[in-house]
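In: Predicted coordinates and the sequence they were generated for:
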There are 2 protein chains.
Amino acid sequence: MTRGYIIPIGGAEEKISDRAILKKFLEISGGDEARIVVIPTASQLPETGPCYVELFSELGAGQSISLPFEERSDCERKDWLDILENATGVFMTGGNQLRLSTTIGGTSVAEMLRDRNNNHGLHVAGTSAGASIMSEHMIAYGAEGIVPRCDMVSLAPGFGLTKECIVDQHFQQRNRLGRLLAALAFNPRQIGIGLDEDTAAFIDSNDILEVVGSGAITIVDPSAMGYSSMDSARPSEPVTVIGIGLHILADGCSFDIPNRKASQYPPPPTS
Amino acid sequence: MTRGYIIPIGGAEEKISDRAILKKFLEISGGDEARIVVIPTASQLPETGPCYVELFSELGAGQSISLPFEERSDCERKDWLDILENATGVFMTGGNQLRLSTTIGGTSVAEMLRDRNNNHGLHVAGTSAGASIMSEHMIAYGAEGIVPRCDMVSLAPGFGLTKECIVDQHFQQRNRLGRLLAALAFNPRQIGIGLDEDTAAFIDSNDILEVVGSGAITIVDPSAMGYSSMDSARPSEPVTVIGIGLHILADGCSFDIPNRKASQYPPPPTS
């Protein structure tokens, strides 16, 4: 079976009026036959899980349940793993991505998420912290600003659903181009995906990304980078980066990650 | 005679400790044989002109004088035009660039600045507002943010020393990538130059730019832009821009404007 969708969301997705992102995630996951699991671990608020469960029920989900993994031992509970194994869509809430990685990283839940997504078509969405955690290299924290500095960003291992991109969120709202450039300059192998609030990247099994939402996605492509001073700049100095490709994409645009090609049109239907 | 240097500065250049930018401008203009004219028109503070005059004297300028053009009629004063005509370097202070354009635009001073710079080797530097005014298309004002919107920036005609670039200043400090992208998306003919504070672009007669200062210069190259939605996006929506080239350059790097080529090295000496 092909890989399920990977759907990072930039945080603050619309929950009341135009719920385009949550609706599309639910539709992809099966609509009235969907079995949605909410993972509220990043949040410290007890109402976060139940709030999303209610939202997905309102939108017509077949089933919707929150699995509040709070301790690492929760991530080995057989009853919860059974529910997760049968899910068609998983939604990870916002909060602190380090809480996701320190609680779930290296457990059966993380292993099952990767396996079900990669090999069994499970669709995985996450907002804010839940978006950061998806990729192999996760931005744990960093500073604001346009210009990269070598001490501006801290990476940590994420859940590794994809190795093709590094995701950042609240991108426009928190002025995060510099820290994404710094993360990419460490090793210009990946694509940078900067997600505005209320904006999602629907990444299909062919790694074609579609933009959905009211903000923009900033794609930072370092594949043609000719030089960076990341290895030599001092902490107080700007890091020079030469030859970055930049695309800013609004709702309906797409980006072909393997071929590094942006388009103003939606992706072609998958065959 | 070749064109003089054009030297936009991002504002807040160091005036006390490491005055690298002001020193280099003075050196190019002749050092102890330089005749510097300060134009404080953008500023509303009476001390701005005298302050720079004193600074250039301290740094060893042969002569240094402030010409406080306050009214359009001042810009036709024969005695002041004579002084301007004999200057080797002109320095325009910060303040409000619309005060520069509304007071000096279309007068003999503006005409003389262009002619002396383009045809007689006069070097022209300007900081903040004094940087914005230099190019043909000037950013008059705009909003903050990374993502461009179609109503985010207002252009006005500048002094037109160069048609090759649009300059923005306080770039990192005031989060101005979005408005520079919006300005370029109107007509992707020019190069965008985003100047951080205490950072200058020394643009020589061959339009090779050298970075001097403690911040960075962000070069935004729209020449390979494949698409933008500038003509169709609604005011509240992000503008899609596809295929932007981005370079972030620290002190000592250079950019060849005609060939659109960034380098981590300084420009070769002019023959």
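Out: That came through fine.
In: Could you list everything A:I208 pairs with in the sheet?
Out: Legend: beta-bridge partners of A:I208 under DSSP bridges are A:D256.
In: So it sits against A:R260, correct?
Out: No. Using CB atoms under 8 Å, A:I208 is not in contact with A:R260; the gap is 11.7 Å. Yep, even glycine has a C-beta here, placed from its N, CA and C like the rest.
In: Comparing the two, which residue is more hemmed in?
Out: The neighbour comparison of A:I208 against A:R260 (other CB atoms under 10 Å in any protein chain shown) goes to A:I208, with 20 against 14.
In: Against chain B, how distant is the more buried one?
Out: Look at A:I208 and chain B: by CB to the nearest CB, to the nearest Å, they are 15 Å apart.
In: cool, A:A87 as well?
Out: 33 Å.
In: Name the nearest residue to that residue, ignoring sequence neighbours.
Out: Leaving aside its chain neighbours, A:A87 sits nearest to A:V37 (4.3 Å; criterion: CB to CB, 6 or more residues apart in numbering or on different chains).
In: you'd agree the one you found is up against A:M92?
Out: No. In this structure, A:V37 is not within contact of A:M92 by CB under 8 Å, at 9.5 Å.
In: of those two, who's got more company?
Out: Between A:V37 and A:M92, A:M92 has the larger neighbour count (other CB under 10 Å), namely 32 against 25.
In: Verify the stated contact: the more buried one with A:S128.
Out: No. Counting by CB under 8 Å, A:M92 sits too far from A:S128 to count as a contact (9.2 Å).
In: so what sits against both of the two?
Out: Common contacts of A:M92 and A:S128, defined by CB atoms under 8 Å, 6 or more residues apart in numbering or on different chains, comprise A:A42.
In: Can you tell me which residue of the stretch 1-150 of chain A sits closest to chain B?
Out: Of all residues in the stretch 1-150 of chain A, the one sitting closest to chain B is A:V147 (4.6 Å; CB to the nearest CB).
In: Below-threshold pLDDT in chain A: ranges please.
Out: Residues of chain A meeting the criterion pLDDT under 70: A:270-271.
In: which SSE is the residue nearest to A:A87 in?
Out: strand A:35-39 (DSSP states H and E).
In: Run through the neighbouring helices and strands of that strand.
Out: Counting contacts by 3 or more CB pairs under 8 Å, 6 or more residues apart in numbering or on different chains; DSSP states H and E, strand A:35-39 packs against helix A:48-58, strand A:63-66, strand A:89-92.
In: export these to CSV and tack on distance to A:A216?
Out: Converted to CSV, the helices and strands packed on strand A:35-39 look like this (distance: least, CB to CB, whole Å):
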stretch, distance to A:A216
helix A:48-58, 24
strand A:63-66, 30
strand A:89-92, 22
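In: which of the ones you listed sits most buried?
Out: strand A:89-92 (a mean of 28; mean count of other CB atoms under 10 Å in any protein chain shown).
In: Quick check: can you name the pairing partners of that strand and their directions?
Out: Strand A:89-92 sits in its sheet next to strand A:35-39 (parallel), strand A:123-127 (parallel), going by DSSP bridges.
In: buried set for the last one?
Out: Right, the one you point to is strand A:123-127. For strand A:123-127, the neighbour count (16 or more other CB atoms under 10 Å in any protein chain shown) marks A:123-127 as buried.
In: Closest one of those residues to B:I83?
Out: A:T127 (62.6 Å; CB to CB).
In: Can you name the residues of the stretch 51-200 of chain A sitting close to chain B?
Out: Counting by CB under 8 Å from any CB of the partner chain, the stretch 51-200 of chain A comes close to chain B at A:145-148, A:171-172, A:175-178, A:181, A:194, A:196.
In: Got a ChimeraX select line for the buried ones in those residues?
Out: If you want just the buried ones from those in ChimeraX, going by 16+ other CB under 10 Å, the selection is:
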select /A:145,146,147,148,171,172,175,176,177,178,181,194,196
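In: Among the residues of the stretch 51-200 of chain A next to chain B, which ones are in strands?
Out: Judged by DSSP state E, these include A:G194 as members of strands.
In: measure A:G130 to A:V241 for me?
Out: 29 Å (CB to CB, to the nearest Å).
In: what are the ranges of the strands in the stretch 101-250 of chain A?
Out: Remark: strands assigned in the stretch 101-250 of chain A by DSSP state E, counting those that start in this stretch are A:123-127, A:137-142, A:153-157, A:165-168, A:191-195, A:199-203, A:208-213, A:216-221, A:227-228, A:241-250.
In: which residues touch the fourth one?
Out: Which is strand A:165-168. Applying CB under 8 Å, 6+ apart, the contact partners of strand A:165-168 are A:8, A:131-132, A:134-135, A:137-139, A:176, A:179-180, A:183-184, A:190-195, A:201, A:257.
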